[in-house]
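Student: quick one, fold the following:
(one chain, ligands or ions: 1)
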Amino acid sequence: MTTEHQRELGAKTLLTVSDGNLRIGPERLFKNIPRDQSAPLLRPVDERGQALVPMRSLLIRAGNRLILFDTGLGHHSPIRPEDGTLLLELTSAGIRPEDVTDVIISHAHADHIGWATVEDEHGRRPTFPNARYWMSATEFRHWTQPEQLEAVAAVRTHLPVLSTSGQLELPDGEVEIAPGVRLLPTPGHTPGHRSVLIADGAQVALFTGDISHHPLHYEKPNWGSQFDTDSDLAYRTRLRVLQQAAADRILLVSYHHPTPFGHAIHNGAAFRWQPV
Ligand SMILES: [Zn+2]
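Tutor: Just a heads-up that it's a prediction; the model follows:
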């Protein structure tokens with residue numbers, strides 16, 4: 001079956017589930033680029049000229065594992081007042097939280113860890129009670145420094161709960177967590193940012209996390225976003241990943257692009273995003 005939100009990769013099914021949209025102004029999406037250069041190229045935008053930036057988690061079944069990649073923005077947040085739709089979309093897909101065996105966290109920004117934990121009458125707990133949560137140790141250490149915990153509500157809310165739950169796995173480097181599901185370090189956006197390579201036979205897909213926030217980052221790879229921790233490293237990582245993806249015709253799964261599945265196509269010295 002092929003829909004806008006679903007692809008088959010060998011015996012694996014890739015399904016994207018939405019947590020709604022962010023609205024981000026062009027000057028934040030493209031750091032140091034004058035608005036009159038970037039704004040005319042942005043699509044789709046709202047009535048204030050802000051880009052509508054989806055958040056789409058990826059769900060795959062690999063053997064007896066059900067793996068969720070990133071967890072949206074969650075309940076109402078300073079960034080967006082209304083609740084996200086991720087849990088409702090999982091329910092619509094016939095998935096209960098207890099069915100999920102693994103949660104891969106590409107990085108610990110608010111829009112990727114929002115449903116990592118939930119609060120009920122007993123306090124806060126992991127949303128997915130039977131899952132192992134995978135994050136790089138580098139990422140975890142960075143965001144659990146006292147000054148980060150104090151400054152960033154999302155990490156203060158979720159990371160200590162995950163840490164004490166016994167469900168958090170923190171391997172660094174390149175690691176295969178399930179057959180054909182390999183975590184790859186792609187640092188720069190954050191220190192421990194990761195992408196995920198998914199292979200089934202000869203077919204390969206890559207969940208790119210926040211290598212890009214918009215297809216324009218393919219056309220202008222040096223137009224990094226304000227959200228990159230290390231702009232230069234993020235740029236070099238973006239180029240490296242897109243060069244490899246274009247050369248090998250890897251199916252890309254984007255968290256933030258208007259359409260989730262696509263290819264990186266060489267376009268002069270840069271690339272373009274081709275939805276598929
Ligand atoms: Zn993001």
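Student: tell me the mean pLDDT for stretch 91-110?
Tutor: Mean per-residue pLDDT for stretch 91-110: 97.
Student: give me the distance from stretch 135-149 to the chain's centre.
Tutor: 17 Å (CA atoms, centre = their mean, to the nearest Å).
Student: repeat that for stretch 109-122.
Tutor: Counting by CA atoms, centre = their mean, stretch 109-122 comes out at 15 Å from the chain centroid.
Student: how about the residues of the stretch 151-276 of the chain by the ion?
Tutor: D210 (CB under 5 Å from the ion). For every residue, glycine as well, the C-beta is placed using N, CA and C.
Student: rerun at 6 Å
Tutor: 210, 256 (CB under 6 Å from the ion).
Student: could you pull out the strands for the stretch 151-276 of the chain?
Tutor: Taking DSSP state E, counting those that start in this stretch as the test, the strands found in the stretch 151-276 of the chain are 168-169, 175-178, 181-185, 194-200, 203-207, 251-253, 261-267, 270-275.
Student: kindly report the same for the stretch 1-150 of the chain.
Tutor: Under DSSP E, counting those that start in this stretch, the stretch 1-150 of the chain gives strands at 6-9, 12-24, 51-62, 65-69, 102-104, 117-120, 123-126, 132-134.
Student: quick one: low-confidence ranges for the stretch 1-150 of the chain?
Tutor: 1-2 (pLDDT under 70).
Student: what parts of it come near the ion?
Tutor: Going by CB under 6 Å from the ion, the residues of the stretch 1-150 of the chain near the ion are 109, 111-112.
Student: between those residues, which is nearest the ion?
Tutor: Nearest to the ion, judged by CB to the ion, of these is D111 at 4.4 Å.
Student: how about the residue nearest to the closest one when sequence neighbours are not counted, what does it touch?
Tutor: Spatial nearest neighbour of D111, chain neighbours left out: L73 (4.7 Å); criterion: CB to CB, 6 or more residues apart in numbering. Contact partners of L73, counting by CB atoms under 8 Å, 6 or more residues apart in numbering, are 19-20, 22, 55, 79-80, 84, 110-111, 114.
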